[in-house]
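Novice: Structure of the sequence below:
(one chain, ligands or ions: 1)
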Amino acid sequence: MATTDNQSESVVHILTETRRYPPPQGFAEQANLRDPGVYERAREDPETFWASVAEELHWDQPWDRVMNWTPPTVEWFTGGKLNASYNCVDRHLDGAQRTKPAIVWEGEPPGEERTLTYEDLYREVNRAALMLRSLGVEKGDRVSIYLPMVPELPIAMLACARIGATHSVVFGGFSPDSLADRINDGEAKVLITADGGYRRGKVVPLKENADKALEKTPSVRKVVTVERLGRDKYPVNMLENRDIWWHEAMASVTESECPPEPLDAEHPLYTLYTSGTTGKPKGLLHTTGGYLVGTYLTTKWVFDLKEDDIYWCTADIGWVTGHSYVVYGPLANGATTVMYEGTPDYPDKDRFWDIVERRKVSVLYTAPTAIRGFMGWGAEYADKHDLSSLRLLGSVGEPINPEAWVWYHEHIGRERCPIVDTWWQTETGMILISPLPGLTTTKPGSATIPLPGIEPDIVDDHGNSVGVGQDGYLVLKRPWPSIARSIWGDPERYVAQYFSKYGPEVYVTGDGARRDEEGYYWLMGRVDDVLNVAGHRLGTMELESALVSHEAVAEAAVIGIPHSVKGQGIAAFCRLRSGIEPRDDLRQQLREHVAKKVGSIARPDNVYLVAELPKTRSAKIMRRLLRDIAEGKVVGDTTTLTDPAVLEDIKRNYGGAEATE
Ligand code: PRX
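Specialist: Have a look, this model is predicted:
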């Protein structure tokens, strides 16, 4: 990666200006982890380190080998058998933990709430596992789950894990097409959905969407529908012999216990789809033992979990953050995990702080995009509430700008709470770069240092480590237990995507980064054609395919543009088919078309209808120039452009700043 002298100078400047926040005194003294020696021990003997963590979980059969690495393939805890649902539920049924709240749920409509103790969760998961079996689901089968943030979602996941079925959760904001693609890729036998969910006061018609998807998903034999909204108010179609209500199916289960299946450590626990650089999302495959060890440990250390913590990760379970840090990590630790169905501004912009105050949340894990949203609304919404229960704050999903970090520290943490800025990915399964709150001095905007046992590096195009303060590609040089093992149905793509650039031993993250003189990592965002919009990954190719599937569009190019809340926004440049007039209502239609095709998170902020896209002589679209136009900047070097007049045309007719929503 080329770094200009100017850039490195500005880095040095930023770094010397950076404020430092050592762990607050009382906090450091009482943290779970106060021994810095753990870093060295893990470095010297990572396998012994990970084995000592794994021993804290329940294994039905011990492993023969901690790590079996034939690059790029890796297995963890080979020969061991365990069950993720047993570790997340049954393991906590002794003594006082039995009646401890496992899941504290709030619906979006104020006043709707449910609490499930570990005992309740045990009962529900067993029943749901038996129900799935009665529907013909067997070990090794795939089950797709398309639910809002309701307790049935973790229950369904854990029920799958209990019988060895592989779950594939699809975010409720995804469109019927996206759902169908994901179901078909995994050839799921059963789909679990709901009549709908609430989002910002509106109903999201999940069953209706699912019905559309189900028109083209031949593998699905049964559809189980959770009644979230109510049959009277929101009737849905139920197809005879295929569709059943969750509560009826659960009620018809006659037994109460479903013994957990002892599963190989490498048994597929779940697949989760994420956007890549091609149009087709990748189904990352996570397996049982390593994933659970990784999420268990990182939840315990990064969030310094204690017996009486009320822990709230605000992510939707449809994303990896929800899988690892709403469900598996906290439950493996026997923690109380809060789940909230809706948006932060419903019924008012203080909803999060209202929940923190009423529930006495002590650990809060959210995204920079949410924090920037709160900043924009003003501190008064948080100031109205007693936030004294909070003791630790987390951030995830995208680089957090120092201003947002400091605002979070001052207005939410009230200068008492350490902030953990956690870097990781769907592929990594667990947090890899993050402060440990009792040990690490933090710097706003840096995810700080790798966790024990993790070995990142920042390299140039040839794989050589770059110097202090220089830009490079973030890679990982040694496997960790929860690394995704494959891409479902496409192992070659897995190797090509992650392990080909620098050889089979080096995992390529797709992120750019710099390291400062103290070894702190500063993440710079994606270096591939993947956007990060409000913490969600979207491939530009996926969006471009959605645009050209519209009858009016001949060719499209999508780029990311800076956005004050979402981090990145989406700008789409479309060349129309001949004879089609560029009209304003068409731009709006195209925005809606993408939202319908992919999901509302993918709705472009700006659509430019252009006569030609700027291309090089080798027919490559010059995204850099489009970016300059969208940002209203002076357009850079155009010497390689086939037809410079194209650019003039775009600038004249379509360029300049547009209002983003
Ligand atoms: O670019 C990085 C960014 O989010 C990407 C991973 O996205 P996804 O797989 O959807 O998982 C999101 C939740 C882990 C990364 O490649 N990213 C995530 N966390 C951070 C981050 N960038 C900077 N700082 C972070 N803390």
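
Novice: pLDDT weak spots in the protein?
Specialist: Scanning the chain with the threshold set as pLDDT under 70 gives 1-17, 634-647, 649, 651-661.

Novice: if you set the cut-off to 50 instead, what comes out?
Specialist: 1-16, 655-661 (pLDDT under 50).

Novice: Can you name the residues of it sitting close to the ligand?
Specialist: By CB under 6 Å from any ligand atom, the residues of the chain that approach the ligand are 274, 320-321, 396-399, 421-426, 447, 509-511, 523, 525-526, 532, 537. C-beta coordinates here come from the backbone N, C-alpha and C atoms, glycine included.

Novice: same thing but at 5 Å, please
Specialist: By CB under 5 Å from any ligand atom, the residues of the chain that approach the ligand are T321, G397, E398, P399, W423, W424, Q425, T426, A447, D511, L523, R537.

Novice: Could you let me know which of those ends up closest to L364?
Specialist: Closest approach to L364 among the residues of the chain next to the ligand (CB to CB): T321, at 13.1 Å.

Novice: Run through the helices of the stretch 151-300 of the chain in chain order.
Specialist: 152-163, 176-186, 206-214, 246-251, 288-302 (DSSP state H, counting those that start in this stretch).

Novice: Please convert the residues of the chain next to the ligand to JSON lines, extending it with secondary structure.
Specialist: Output for the residues of the chain next to the ligand, formatted as JSON lines (DSSP: H, G, I helix; E, B strand; the rest coil):
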{"residue": "T321", "secondary structure": "helix"}
{"residue": "G397", "secondary structure": "coil"}
{"residue": "E398", "secondary structure": "coil"}
{"residue": "P399", "secondary structure": "coil"}
{"residue": "W423", "secondary structure": "strand"}
{"residue": "W424", "secondary structure": "coil"}
{"residue": "Q425", "secondary structure": "coil"}
{"residue": "T426", "secondary structure": "coil"}
{"residue": "A447", "secondary structure": "coil"}
{"residue": "D511", "secondary structure": "strand"}
{"residue": "L523", "secondary structure": "strand"}
{"residue": "R537", "secondary structure": "strand"}
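
Novice: Turn these into JSON lines, columns for neighbour count.
Specialist: Below are the residues of the chain next to the ligand laid out as JSON lines (neighbours: other CB atoms under 10 Å):
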{"residue": "T321", "neighbour count": "25"}
{"residue": "G397", "neighbour count": "24"}
{"residue": "E398", "neighbour count": "23"}
{"residue": "P399", "neighbour count": "22"}
{"residue": "W423", "neighbour count": "26"}
{"residue": "W424", "neighbour count": "25"}
{"residue": "Q425", "neighbour count": "19"}
{"residue": "T426", "neighbour count": "19"}
{"residue": "A447", "neighbour count": "26"}
{"residue": "D511", "neighbour count": "22"}
{"residue": "L523", "neighbour count": "20"}
{"residue": "R537", "neighbour count": "22"}
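
Novice: Which residue is the nearest non-sequential neighbour of L239?
Specialist: Closest residue to L239 apart from its sequence neighbours, by CB to CB, 6 or more residues apart in numbering: V223 at 7.5 Å.

Novice: Near T225, how many other residues are there?
Specialist: 26 (other CB atoms under 10 Å).

Novice: Pull up the gap between the closest residue to the ligand within the stretch 451-600 of the chain and L476, please.
Specialist: Residue nearest to the ligand within the stretch 451-600 of the chain: L523 (3.5 Å; CB to the nearest ligand atom). Using CB to CB, to the nearest Å, L523 is found at 13 Å from L476.

Novice: likewise A42?
Specialist: Applying CB to CB, the value for A42 to L476 is 14 Å.

Novice: Ok, A602 next?
Specialist: 29 Å.

Novice: go on, A51?
Specialist: 20 Å.

Novice: More neighbours: which of these two?
Specialist: Using other CB under 10 Å, the more surrounded residue of A51 and L476 is L476, with 22 against 18.

Novice: tally of neighbours for the nearest residue to the more buried one once chain neighbours are set aside?
Specialist: Leaving aside its sequence neighbours, L476 sits nearest to Y507 (CB to CB, 6+ apart; 4.3 Å). Y507 has 25 neighbours, counted by other CB under 10 Å.

Novice: got the contact list for Y507?
Specialist: P72, E427, V475, L476, K477, P479, I483, Y498, F499 (CB atoms under 8 Å, 6 or more residues apart in numbering).

Novice: would you turn these into TSV with secondary structure?
Specialist: Shown next, in TSV, are the contacts of Y507 (three-state DSSP):
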residue	secondary structure
P72	coil
E427	coil
V475	strand
L476	strand
K477	coil
P479	coil
I483	coil
Y498	helix
F499	coil
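
Novice: Report the buried members of the residues you listed.
Specialist: Buried residues within the contacts of Y507, counting neighbours by 16 or more other CB atoms under 10 Å: P72, E427, V475, L476, P479, I483, Y498, F499.

Novice: What is the nearest of these to E248?
Specialist: For these, the nearest to E248 is E427 (38.4 Å; CB to CB).

Novice: OK, contacts around that closest one?
Specialist: T274, L284, I483, A484, Y498, Y507, T509.

Novice: quick one: which two of the residues you listed are the most distant?
Specialist: T274 and Y507 (15.1 Å).

Novice: quick one: the helices in the stretch 301-450 of the chain?
Specialist: Using DSSP H, counting those that start in this stretch, helices in the stretch 301-450 of the chain cover 320-322, 329-332, 351-359, 368-377, 380-383, 402-407.

Novice: Just want the angle from the fourth one to helix 351-359.
Specialist: Translated: helix 368-377. 100 degrees (axes from the mean of the first three to the mean of the last three CA atoms, to 10 degrees).

Novice: where's helix 368-377 relative to the chain centroid, distance-wise?
Specialist: 18 Å (CA atoms, centre = their mean, to the nearest Å).

Novice: If you count contacts, what does it end up packed against?
Specialist: Packing contacts for helix 368-377, counted by 3 or more CB pairs under 8 Å, 6 or more residues apart in numbering; DSSP states H and E, involve helix 402-407, strand 567-576.

Novice: List of residues touching it?
Specialist: Taking CB under 8 Å, 6+ apart as the rule, helix 368-377 contacts 314, 344-345, 349, 352, 381-382, 395, 397-401, 403-404, 407-408, 411-412, 534-535, 564-567.

Novice: of all the helices of the stretch 301-450 of the chain, which lies closest to L586?
Specialist: Of the helices of the stretch 301-450 of the chain, nearest to L586 by CB to CB is helix 368-377, at 29.0 Å.

Novice: can you give me the angle the closest one makes with strand 567-576?
Specialist: Using the same axes, to 10 degrees: helix 368-377 against strand 567-576 is 100 degrees.

Novice: hang on, the earlier thing: which of the contacts of E427 fall in strands?
Specialist: Among those, the ones falling in strands (DSSP state E) are T274, L284, Y507, T509.

Novice: wait, what's in contact with the last one?
Specialist: Residues touching T509, when contacts are defined by CB under 8 Å, 6+ apart, comprise Q425, E427, Y473, L474, V475, L476.
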